[in-house]
Structure formats: C-alpha cells, structure tokens
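In: sequence? don't have it. structure:
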Ligand SMILES: Nc1ncnc2c1ncn2[C@@H]1O[C@H](COP(=O)(O)OP(=O)(O)O)[C@@H](O)[C@H]1O
Ligand SMILES: [Mg+2]
C-alpha cells in the first residue's frame, strides 16, 4: 500500500541564512538551513549557548528577517511581508513562552491571559470565558485577581502557558521554558505544556538544554556551526 500523502508542513525553511556584522566581519549564525515542521509536531531545538537557537525562533516568528532564503508558515512567505504584516502574523499565529515568563507586571493574572485575545479582537464575556477556562486547566483560576509578582516561578510559567494558548495560535514557540525552574517544578510545567499543546493539536518549537525536556519532543534537532542536525533516533522515526 502506498503511504498516505504527507500534509503540507506548517513551517518550511528554504535555504535560510542569517549572520551579524561585528567589527566589520560577518559572523554567520545560520547557514543555508532547510527544514520543515508538520502540524501537530513538537520539536526540541538544542545547541550550545550562542549557536543560534533564539535567532531561529525569531526568524520563524517574523521578529527578525533572514539574509537569504524563505520562511513559509501556513502557506504565507514571511520574507514577502512588510513589518506591519509580520506583526499581525505573529499576533494571530504565534504563542510565546519565555524562560523568564515575561508576564506584564501591572496586569492581573486574568488580564495577562486576556491580552492576546483582546489584541486579536476577542473581548468581553467570550474572552473572559476562554481565559478562565485556560486558567482552570493550568490550575490557577483561584489566583486570577493576583499580580504576577505574588506568584512563584512555576505559577508564573503556568500563566504564561495559558497566555500563549489563549488566542489559539497554531504555533507555540518556547525558548527554554523550564530554564528558570527547579527540577520538580520544571517536570510539572513541562508535562502541562506538553499535554495542552498536544490536546489542542498545536505545533511547538521548543528550545532546551535539557535532555529530559527534549525527551517529550517528537523530533530533536541540534544546531551546530550554523547547521541543523537531527537526532538519529527521531530522524529514523520520522521516516516510518
Ligand atoms: N542582534 C544581534 N546583533 C549581533 N549579534 C547577535 C544578535 N543577536 C544574536 N547575535 C549573535 O548571534 C549568535 C546566536 O545568538 P542566539 O540565537 O541568541 O543564540 P542561542 O539562543 O543559541 O544562545 C550569538 O553569537 C549572538 O551573539
Ligand atoms: Mg537563546
């Protein structure tokens, strides 16, 4: 029997290069990267500090633009968009989880989760219902009127996960989401993130230094000297 045709990837990088000029010399961070990510996949991105992991996330979210190559997300080429179009793309299509949580300190827990909904035009009771449902799922509905500085690191990251999912973006980008948490909290937050991302069928690109964190991913990619190398284990699984 013929294998089923694979669906169009959610994300495709074609010949993507990116570098920075420093003291007159070009320092190449990404060198001619070709890779595709399917809808529903969780991908762990590993590599030593300075290897270009955050640069890759910034390119996929349209925060930054490549020097060469194309990045296509959900059929749209990011390099063909102007900055305003990329901002709208990011607001609608991407949810972010950061190492240092990045909650807005002057907004309550509920208001933080409402933010991406409001930015996408969902307001009032419907927005409140979505936000409260998500807070329920991350176990923090009782803290909805608290301010972020009253919460522990693990609690703040659970709020950030609710915020990343609130507007139901197809893509979650997580940059060392457990990098600032102790190991028990890390395991709990990771399990929650993994469960919610899979439940909702989202694609997640997650930067991590931890093999334990990478173990939940469907594919593990390493950035080495500007090139992406896939773990033999997950590369062979992808061929099946
Ligand atoms: N805006 C920038 N200007 C100059 N160099 C940068 C800039 N952003 C990143 N770099 C450099 O690019 C390389 C990759 O950075 P980054 O993607 O942040 O690495 P990682 O997230 O893997 O630690 C580093 O050498 C860093 O110094
Ligand atoms: Mg980084």
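Out: Right, received. Where do you want to start? Note that the coordinates shown come from a computational prediction; the quantities given were computed from them, not determined experimentally. Ligands and ions are numbered 1, 2, ... in the order given.
In: quick one, what contacts residue 123?
Out: residue 117 (C-beta atoms under 8 Å, 6 or more residues apart in numbering). Using the backbone N, CA and C atoms, a C-beta is placed for each residue, glycine as well.
In: and if you look at residue 119?
Out: 91, 167.
In: Residue 176 too?
Out: Residue 176 touches 98-99, 207-209, counting by C-beta under 8 Å, 6+ apart.
In: and which of the residues you listed is nearest to ligand 2?
Out: Using C-beta to the ion, residue 207 is the member of those that lies nearest ligand 2, at 6.3 Å.
In: Can you report phi and psi for that closest one?
Out: Residue 207 adopts backbone torsions of phi -80, psi 130, taken as degrees, to the nearest 10.
In: what's the answer for residue 27, then?
Out: phi -110, psi 110.
In: How about the one 5 residues further on?
Out: With angles defined as degrees, to the nearest 10, residue 32 sits at phi 50, psi 50.
In: Could you identify which of the contacts of residue 176 has the most neighbours?
Out: Each of these was scored for neighbours by other C-beta atoms under 10 Å, and residue 208 scores highest at 26 neighbours.
In: Find me the pLDDT at it, would you?
Out: Listed pLDDT for residue 208 reads 96.
In: can you check residue 16 too?
Out: Here, the pLDDT recorded for residue 16 equals 98.
In: List the buried residues for the lengthiest helix in the chain?
Out: When the chain is parsed with DSSP state H, its longest helix is helix 183-199. Neighbour counts over helix 183-199 (16 or more other C-beta atoms under 10 Å) mark 185-186, 188-190, 192-194, 196-197 as buried.
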